[in-house]
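Engineer: only geometry, no sequence info:
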């Protein structure tokens, strides 16, 4: 099993607003999850992107360190 950060968003005070993680299981299955000050969850990467984009639209003080492509 291997886990890597594929997205990182910080508040203006440096707190993690969102950290998006990609986990690849030994079987090859890929799982995505996110957590941080503004919530957390798991599921399809497209759904996670949508959730983060909604938050970014309403909270302008969040900046992307590693943006989801």
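Structural biologist: Looks like it came in fine. Just so you know, these numbers come straight off a predicted model, no measurement behind them.
Engineer: quick one: residue 55 is in a helix?
Structural biologist: Yes. With DSSP: H, G, I helix; E, B strand; the rest coil as the criterion, residue 55 is located in a helix.
Engineer: going forward can the numbers begin at 7, since that is how I track them
Structural biologist: Yep, numbering from 7; the last one is residue 61 now.
Engineer: residues in contact with the nearest residue to residue 36 once chain neighbours are set aside?
Structural biologist: Take residue 36 and drop its neighbours on the chain: the residue closest to it by Cβ to Cβ, 6 or more residues apart in numbering is residue 30, 5.4 Å away. Quick note: C-beta positions are derived from backbone N, CA and C, even for glycine. Each residue near residue 30 by Cβ atoms under 8 Å, 6 or more residues apart in numbering is listed here: 7-9, 36.
Engineer: Just list whatever residues bridge to the residue most central in space within the chain.
Structural biologist: Note on the chain: the residue nearest the mean C-alpha position is residue 26, at 2.7 Å, using Cα atoms, centre = their mean. Beta-bridge partners for residue 26, by DSSP bridges, are residue 13, residue 40.
Engineer: residues contacting it?
Structural biologist: With contact set as Cβ under 8 Å, 6+ apart, residue 26 has these partners: 11-14, 38-40, 54, 58, 74.
Engineer: Could you turn the buried ones of those into a ChimeraX selection?
Structural biologist: Listed next is the ChimeraX selection for buried residues among those, using 16 or more other Cβ atoms under 10 Å:
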select :12,13,14,38,40,54,58,74
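Engineer: any chance of the contacts of residue 26 in JSON lines, with pLDDT and distance to residue 47 too?
Structural biologist: Below are those laid out as JSON lines (pLDDT from 0 to 100; distance: Cβ to Cβ, whole Å):
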{"residue": "11", "pLDDT": "97", "distance to residue 47": "16"}
{"residue": "12", "pLDDT": "97", "distance to residue 47": "15"}
{"residue": "13", "pLDDT": "97", "distance to residue 47": "13"}
{"residue": "14", "pLDDT": "97", "distance to residue 47": "16"}
{"residue": "38", "pLDDT": "98", "distance to residue 47": "9"}
{"residue": "39", "pLDDT": "97", "distance to residue 47": "7"}
{"residue": "40", "pLDDT": "97", "distance to residue 47": "6"}
{"residue": "54", "pLDDT": "96", "distance to residue 47": "7"}
{"residue": "58", "pLDDT": "94", "distance to residue 47": "10"}
{"residue": "74", "pLDDT": "87", "distance to residue 47": "14"}
